[in-house]
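> from the sequence below, what's the structure:
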Amino acid sequence: MTNSISLQINGLKQLNKNLENIADEIGSSKAAGILTSALRVGAKEFETELKNTAPESPENKIRIVKKRDKSTVEIKPGFLKSRIKIRASTNRKGRINKRFGKKDISLVRVGVFKVPYIVQVEYGTSKHQPQPFMRNAAKSKAQPAVKRIESELNKKIKAATKRIAKQKAKK
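So this is what the prediction gives:
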């Protein structure tokens, strides 16, 4: 079960146009990689906020929990924080599949992966109060993440443009 924060960026028309122009020169695969790496940098904003605000168990004991496949797992304090990660994928071939839609190029997810009790932590139960650290991170870091993505994408586009100009000058 994966609970992650989604952020869709619209309105970066000039950067998108520049990225498309670069894609014509260096290929769509490398241009998609530039986009994915810029999105990954923006996702760091969410990751650091999630790790800073994720709740820890007040008890300092190790619990042993049985999984569905009858195996056991040790859960130590700080286990939730260790599962906060960034996962990025690039749709290099432009195919539609279970991960990518028709116009999707890059997918960057930030969240708590492989923690079955994350919903109970985020929304609470009858015995525990909610600790909405994921929703709070999404609210507080959305705009800084977009600005960081925009500046990183701009920087990467300029670097790619310089490389293209240098290659054309050699020819």
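> looking at the protein, which helix or strand is least sure?
The helix or strand of the chain with the poorest confidence is strand 2-5; it has a mean of 52 (mean pLDDT, DSSP states H and E).
> tell me the helices and strands packed up against the top helix by length along the chain.
Counting residues, the longest helix in the chain under DSSP state H turns out to be helix 133-170. Counting contacts by 3 or more Cβ pairs under 8 Å, 6 or more residues apart in numbering; DSSP states H and E, helix 133-170 is packed against strand 2-5, helix 13-26, helix 28-53, helix 118-123. Every C-beta, even on glycine, is put in place using the N, C-alpha and C of the backbone.
> buried stuff in the second one?
Right, helix 13-26. In terms of neighbour count (16 or more other Cβ atoms under 10 Å), helix 13-26 has its buried residues at L15, N18, L19, I22, A23, I26.
> nearest to A138, out of those: which one, please.
For the buried residues of helix 13-26, the residue nearest A138 by Cβ to Cβ is L15; the value is 22.7 Å.
> quick check: pLDDT value at that closest one.
For L15, the pLDDT comes out at 68.
> same check, this time on the one 5 residues further on
According to the per-residue confidence, E20 scores 75 in pLDDT.
> now the one 5 residues further on
At E25 the predicted local confidence, pLDDT, stands at 80.
> ok so, going back, rebuild the buried residues of helix 13-26 as CSV, extending it with distance to T53.
Written out in CSV, the entries for the buried residues of helix 13-26 read as follows (distance: Cβ to Cβ, whole Å):
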residue, distance to T53
L15, 30
N18, 35
L19, 33
I22, 37
A23, 38
I26, 39
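> of these, closest to L50?
Nearest to L50 among these: L15, at 26.3 Å, using Cβ to Cβ.
> any idea how many residues pack against the closest residue to H128 other than its chain neighbours?
Leaving aside its sequence neighbours, H128 sits nearest to Q120 (Cβ to Cβ, 6 or more residues apart in numbering; 7.0 Å). Around Q120 sit 14 other residues, with neighbours defined as other Cβ atoms under 10 Å.
> quick check: Q120 vs K85, distance?
20 Å (Cβ to Cβ, to the nearest Å).
> so which of the helices and strands packed on helix 133-170 has the densest surroundings on average?
Compared across the helices and strands packed on helix 133-170, helix 28-53 shows the largest average neighbour count, a mean of 19 (mean count of other Cβ atoms under 10 Å).
> helices or strands up against it?
For helix 28-53, the contact count by 3+ Cβ pairs under 8 Å, 6+ apart identifies helix 13-26, strand 84-90, strand 106-113, helix 133-170 as packing neighbours.
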